[in-house]
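Let me see the structure of the following:
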Amino acid sequence: MRASHWLALAFLLASCDCGGTSGDDSPPRDGSTERDGALPPVPGEGECAWERGERPTAELPPTHESEYVIELERWAIETDGDPIETRARMNEAIRWATDNGFDRIVVPPGTFVVGEATTDNYAGGIDLVGDMTLELSEGTVLQMATNDRWNYCVVNVDGNSNVTIRGGAIRGDRETHVFEGGGAHDEGHGICVWTAVDRVLIEDIELHELTGDGVLIVGRRESDTEAEAPSTNVTIRRSEIHHNRRQGVSVVGAHGVVIEDNHIHHIEGTAPQFGVDIEGAGRSDRDILIARNNFHDNAGGDVVTSTGRNVWIEENTMVQCQVDDEGRYDPALPCELEEQVDGPIVHWKETDNVIVNNTIRMSMRTVNGLWGIIGYTRRDGAVRENPVGNEIRGNTFHGCGIHAAHNMRYVFADNVIHDGLILGFNLSCTRLNDNRIERTAGENYKLRNVAGVAEGNVLNRTEGFPPAEDVEMHFPMADDAPYRNSSPVFW
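Residues are numbered from 1 along each chain as shown. Sure, this is the predicted structure:
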C-alpha cells in the first residue's frame, strides 16, 4: 500500500506562481452539471470517441429491526475491564444474540477497551457475523487496547455480507501504540471490510487515532486457484474520519463503493496519507462515487486513484488548511499542516474519472506544484490503453490549477480558476471548453503539443474581474494539428 510520489517528473517544475483569493464563485451543485446534454465527452470518431460510465451507486444492506441491547452485567462486560476478556465477552454476546434471532445489536454507552494478540502480527477486536447491524449508542466508544502488532481491526467484517455499523466512535491506539519489532505498523484499522463481502453500510460514526486507516475495503486477488472476487456495494456516509496515520479510507479491490457526506481530515503520519486512496494492489477497483465530502489537513492529499475505473469525484470541498472545527475555510486562521505531499486530487494515467463540481483551495505547494488536479503519467506520449477518458468539469479552484500531460481523451470544461492556470502538454483527443481563468499576472493557459478542439475559454486580467473585461482565448487546435503557445524553454 504505497502511492508513488513520482518526484522525478521534471516537467512539473513549470508550475504556477499562485496565491489565494477570496470569494466563492462555485458552479451549481447539481451532481452531474446542467450542461451534460450540450457537450459530448470528446468529438470525432475512432480513437477520440468515448463516453463516460454511469454515475456509481451501491446497494444497501437490508434493514435489521430485531433489537438486542447487550446486557453488560449478564455478560460481565466492564468499561474498565481487561481488553482480552472484554473482547471475548462482547463477541460472545453478539454471537448469542444473532443465534437467537436478533439482528440489531446495540452496545450501551461507555468506553470499552478491546484487543487480543491472536498472532505475531495481528491484534483482534470485535468480529461480526453476517446479516446484522452493530449499533453503538451515543457516547459509546470501542477502543483498541495498546499493542505492538502492526495489524489490527477494531471491528472486523470478515467474509460476511449484509452488515451495518452505525453510531458512536471507534478509536485506535495511535497515542500509546508500541512501534517496535519491525514493520511499518500501518495496518491498524478501525473497520475492516474484507474479503469479497457484499452490502456493507458504515454511517454516523467517528473513526480516529488509528495506526492505519479509518476504513479498509479489500477484495480477493486473483490467484492460480481462485478468481478475483471484489468486495461490493460498500457505503460510507455521514461519518467523521480523522487523525489516522495512513488513510481515511483505503479501497483495495472493490466494485460499487459510495463515500458521501463525510468529514475527512488530519490524515498524517505514514505514507500515503490520503483522505481516500483507491489502490488495487493487483485487484480491480471500479464504480466508485466520492461525493459531498469535506477534506482538509491531509498530508498526502485528499483523493488518489491509481487503479480506479469509473470513479466519480463530485461536489467535494478540499482545503489544505485554515479551517475551523466544522471544516469551514477561514483565511484568518493559521495553517497547521506542515506539508501536503502529492496534491488534493491525483489520478494515474490509465484510470478514468469524472471530476465535477468540486471546490479546491491550495495555500502551499506540493512536490508537484500548485495543482489542484494532477494526472500522474509514465511520460510516454499522448497514448492511452483505456478507451474511456477523463472529464474535469465545473470545478472551482483557488490558488491552484489543472495539470495534464502525456495522455489522451480529456475534457476540461466549465472550470473557474482563481489565480492559477491550466497546463496541458503532449495531449491528444482533448476538449477545452468554456473555462475561465481570473489572474492579474502570470501564466494562464499553458498548452504545448495539445491536439483537439477548444472554444469559449476566457481570461480576465483586471482586478475585481468584471465580466466586461473578459477576453476570449482562441486556441486553433485540431485533432491532427497540436497547438503550441509556450516557449520550448519551459519544457
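
The chain: helices as residue ranges?
Secondary structure of the chain (DSSP state H): helices at 83-99.

Just list the residues touching residue 160, thanks.
Counting by Cβ atoms under 8 Å, 6 or more residues apart in numbering, residue 160 makes contact with 128-131, 197. For every residue, glycine as well, the C-beta is placed using N, CA and C.

Backbone dihedrals for it, please?
With angles defined as degrees, to the nearest 10, residue 160 sits at phi -120, psi 130.

Relative to residue 141, which of the contacts of residue 160 is nearest.
Each of those was scored against residue 141 by Cβ to Cβ, and residue 128 proved nearest at 17.4 Å.

Leaving out chain neighbours, which residue sits closest to that closest one?
residue 157 (5.3 Å; Cβ to Cβ, 6 or more residues apart in numbering).

Also residue 175?
Nearest non-adjacent residue to residue 175 (Cβ to Cβ, 6+ apart): residue 209, at 6.4 Å.

give the contact list for that neighbour.
Counting by Cβ under 8 Å, 6+ apart, residue 209 has contacts 171-175, 243-244.

Could you double-check that residue 479 sits in contact with residue 454?
No: using Cβ atoms under 8 Å, residue 479 is not in contact with residue 454; the gap is 11.6 Å.

Looking at these two, which is more packed in?
Neighbours were counted for residue 479 and for residue 454 using other Cβ atoms under 10 Å; residue 454 has more, 23 against 17.

re earlier: touching, the residue nearest to residue 128 and residue 129? I think so.
No: look at residue 157 against residue 129 with Cβ under 8 Å: they stay out of range, at 9.3 Å.

who has more neighbours, those two?
Per other Cβ under 10 Å, whichever of residue 157 and residue 129 has more neighbours is residue 157, with 27 against 19.

and the more buried one, bridged to which residues?
residue 193 (DSSP bridges).

And for residue 396?
Applying DSSP bridges to residue 396 gives these bridge partners: residue 359, residue 416.

ok, back up a step: of the contacts of residue 160, closest to residue 230?
residue 197 (9.6 Å).

Tell me how far that closest one lies from residue 467.
According to Cβ to Cβ, to the nearest Å, residue 197 stands 52 Å off from residue 467.

can you give me the strands for the stretch 351-491 of the chain?
Using DSSP state E, counting those that start in this stretch, the strands of the stretch 351-491 of the chain run over residues 353-356, 359-361, 371-376, 390-393, 396-398, 401-413, 416-418, 422-433, 436-438, 445-455, 457-460, 471-473, 483-484.

Turn the ones you listed into JSON lines, including distance to residue 287 and mean pLDDT.
Output for the strands of the stretch 351-491 of the chain, formatted as JSON lines (distance: least, Cβ to Cβ, whole Å; pLDDT from 0 to 100):
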{"stretch": "strand 353-356", "distance to residue 287": "11", "mean pLDDT": "97"}
{"stretch": "strand 359-361", "distance to residue 287": "23", "mean pLDDT": "98"}
{"stretch": "strand 371-376", "distance to residue 287": "20", "mean pLDDT": "98"}
{"stretch": "strand 390-393", "distance to residue 287": "15", "mean pLDDT": "96"}
{"stretch": "strand 396-398", "distance to residue 287": "26", "mean pLDDT": "98"}
{"stretch": "strand 401-413", "distance to residue 287": "19", "mean pLDDT": "96"}
{"stretch": "strand 416-418", "distance to residue 287": "28", "mean pLDDT": "98"}
{"stretch": "strand 422-433", "distance to residue 287": "24", "mean pLDDT": "94"}
{"stretch": "strand 436-438", "distance to residue 287": "31", "mean pLDDT": "98"}
{"stretch": "strand 445-455", "distance to residue 287": "27", "mean pLDDT": "94"}
{"stretch": "strand 457-460", "distance to residue 287": "32", "mean pLDDT": "98"}
{"stretch": "strand 471-473", "distance to residue 287": "36", "mean pLDDT": "96"}
{"stretch": "strand 483-484", "distance to residue 287": "34", "mean pLDDT": "90"}
